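> Here is my input; please provide its structure:
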Amino acid sequence: MSDCIFCKIVAGDIPANKLFEDDDVVAFHDIRPAAPVHFLVIPKAHVESMLEVRAEHAALMGKIMTVAADLARQQGLEEGYRTIVNTGRVGRQEVYHLHVHILGGPDVLPAMLKH
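Residues are numbered from 1 along each chain as shown. Okay, here's the model as predicted:
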């Protein structure tokens, strides 16, 4: 996708502070961190959102979550962290390329949802 910022990161057209990269996924620090530790894990293939995930994406989704867990431990989040996947307009997705946010740090995360 020529206008997708995450596809441009995958292609190397836009720099990113990468934590991990292999043939399938890339992980990098968020440019607007909302917590002391805030990074994203994305598939290299353009998948617009969770709404587009199908059975053929099962191995890729598993890999994304495994990479996220490994990197969270490496970033010192052994006591826990938040994993967020915003999906679609109502889910407040801003970049339409599937991405998993990992956020953590010592006692900095607010309650998940406020009523």
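> Tell me the gap between the lengthiest strand in the chain and the middle of its chain.
In terms of residue count, the longest strand belonging to the chain (DSSP state E) is strand 37-43. Between the centre of strand 37-43 and the centre of its chain there are 3 Å (C-alpha atoms, centre = their mean, to the nearest Å).
> Can you check what angle separates whichever helix or strand comes after it from strand 37-43?
Using DSSP states H and E, the next helix or strand after strand 37-43 towards the C-terminus is helix 58-74. Between helix 58-74 and strand 37-43, the angle comes out at 160 degrees (axes from the mean of the first three to the mean of the last three C-alpha atoms, to 10 degrees).
> Now do the contacts for residue 91.
residue 49 (C-beta atoms under 8 Å, 6 or more residues apart in numbering). Placement of C-beta: from N, CA and C, glycine included.
> typed the wrong thing, it's residue 81
37, 72, 102-104.
> cool, residue 28 as well?
So residue 28 contacts 9, 16-19, 39-40 (C-beta under 8 Å, 6+ apart).
> just the buried members of the contacts of residue 81?
37, 72, 102-104 (16 or more other C-beta atoms under 10 Å).
> For the residues you listed, work out which two are farthest apart.
72 and 103 (9.6 Å; C-beta to C-beta).
> if I look at those two, which residues touch both of them?
What both residue 72 and residue 103 touch, as defined by C-beta under 8 Å, 6+ apart, is the set 37, 81.
> Show residues contacting stretch 34-42.
6, 9-10, 19-20, 25-30, 64, 67-68, 71-72, 75-77, 81-82, 97-106, 108-109.
> State the mean pLDDT of that stretch.
Across stretch 34-42, the average pLDDT comes to 96.
> what do you get for stretch 54-61?
Taken as a whole, stretch 54-61 has a mean pLDDT of 98.
> Okay, buried residues for it please.
Burial within stretch 54-61, assessed by neighbour count using 16+ other C-beta under 10 Å, is assigned to 57, 60-61.
> Can you flag the buried ones in the contacts of stretch 34-42?
6, 9-10, 19, 25-28, 30, 64, 67-68, 71-72, 75, 77, 81-82, 97-105.
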